[in-house]
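Visitor: Mind folding the following:
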Amino acid sequence: MTLAEKILQEAVAKGLTITTAESCTGGMVAAAITDIAGSSAIFERGFVTYSNLAKQDMLAVRMQTLESFGAVSEPVAQEMALGARNAAHADIAVAISGIAGPGGSEFKPEGRVCFATVTATDSFVETIEYGAPGRSEVRAAARDHALSLILKAIQAA
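Guide: All right, here's what the predicted structure looks like:
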């Protein structure tokens, strides 16, 4: 059973809904979930907010947060998740913002990805440094990690 199939099974069993707010993964987490037949029972919508403007317009990420911390930061990921949860009226939201590469900087290196999950009673943020294995590898690893965070949030609910 894949992570997405397990998410669907456990979310249906608990009557929970899920939304995603994705930047560097460009909808890969939403695609993994909606690839599973029956996913409409738990997934109504997701947000691909690649630009800062999209993060502000669609998820109510504050300009002050973006200016203070940059798009690839835990505070922005947390605001993305909260905004997605509120906009989608979902029980669980996951957000991802990162630098898949190529590129990056001394302060924000390639392979840095920030994650957040938000539920009615809990929030969680973390940053993972994947290094520079390549754009597709970073994106796939971030997708899989986000799916594991969703599953953890479901199991904790």
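Visitor: Going by C-alpha atoms from here, please, whenever you check contacts or count neighbours.
Guide: Noted.
Visitor: element containing the residue nearest to the spatial centre of the chain?
Guide: Central residue of the chain (CA atoms, centre = their mean): residue 95, 2.4 Å from the mean position. Following DSSP states H and E, one finds residue 95 within strand 92-98.
Visitor: which strands and helices sit next to the following helix or strand past that strand?
Guide: Later in the chain than strand 92-98, the nearest helix or strand by DSSP H and E is strand 112-118. Packing contacts for strand 112-118, counted by 3 or more CA pairs under 8 Å, 6 or more residues apart in numbering; DSSP states H and E, involve helix 74-88, strand 92-98, strand 123-129, helix 135-156.
Visitor: So which bits of strand 112-118 are buried?
Guide: Using 16 or more other CA atoms under 10 Å as the test for burial, strand 112-118 gives 112, 113, 114, 115, 116, 117, 118.
Visitor: out of those, which one sits closest to residue 131?
Guide: residue 112 (7.1 Å; CA to CA).
Visitor: Please report the distance of the closest one from residue 157.
Guide: 28 Å (CA to CA, to the nearest Å).
Visitor: and what of residue 106?
Guide: 38 Å.
Visitor: again, but for residue 117
Guide: Counting by CA to CA, the gap from residue 117 to residue 157 is 12 Å.
Visitor: do the same with residue 93
Guide: Counting by CA to CA, the gap from residue 93 to residue 157 is 13 Å.
Visitor: Counting neighbours, go ahead and name the busier of these two.
Guide: Shown here are residue 93 and residue 157; by other CA atoms under 10 Å, residue 93 has more neighbours (30 against 15).
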